[in-house]
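>>> I would like to see how this sequence folds:
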Amino acid sequence: MSPTILGLVAGTLTGIAAIPQVVKTLRTRHTRDISVWQPLLLSIGVALWIVYGMLIHNLPLILTNIIPFLCNALLTGLKFYYRNNAA
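A predicted model of the protein is given here:
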């Protein structure tokens, strides 16, 4: 397996890891048990990976961090949007 394929597979798997939490949060409209720091710090971290990927011109690094960035930024936003839901 080439390093590029390995990187794409690894990035995809870690990238989609946040999707179940986003789906659950959207379904339940409940974020009480989610720390705001986890998705916020992950959003910042993957944004930095995207910038790093751009600086070194590494397309797999850029592409595999877009989905986790969007998911974690969305979770951060949902944490504030649903902050008053007691459900």
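>>> Could you list the low-pLDDT ranges of the chain?
86-87 (pLDDT under 70).
>>> Which stretches in it count as helices?
Using DSSP state H, the helices of the chain run over residues 3-15, 19-28, 37-55, 59-81.
>>> Of those helices, which stretch is the most buried?
Of all these, helix 59-81 carries the top mean neighbour count, a mean of 18, counting by mean count of other CB atoms under 10 Å. (Glycine included, C-beta is placed from N, CA and C.)
>>> and that one, what does it pack onto?
helix 3-15, helix 19-28, helix 37-55 (3 or more CB pairs under 8 Å, 6 or more residues apart in numbering; DSSP states H and E).
>>> Select, out of these, the one closest to residue 84.
helix 19-28 (14.1 Å; CB to CB).
>>> And the closest one, what does it pack against?
For helix 19-28, the packing partners by 3+ CB pairs under 8 Å, 6+ apart are helix 59-81.
>>> So what touches the helix it packs on?
4, 7-8, 10-12, 14-19, 21-22, 25-26, 31, 34, 36, 39-40, 42-43, 46-47, 49-50, 52-54 (CB atoms under 8 Å, 6 or more residues apart in numbering).
>>> Please repeat the previous calculation with a cut-off of 6 Å.
4, 7-8, 11-12, 15, 18-19, 22, 25, 31, 34, 36, 39-40, 42-43, 46-47, 49-50, 53 (CB atoms under 6 Å, 6 or more residues apart in numbering).
>>> Equivalent analysis for stretch 45-54, please.
For stretch 45-54, with CB under 6 Å, 6+ apart as the criterion, the contacting residues are 61, 62, 65, 68, 69.
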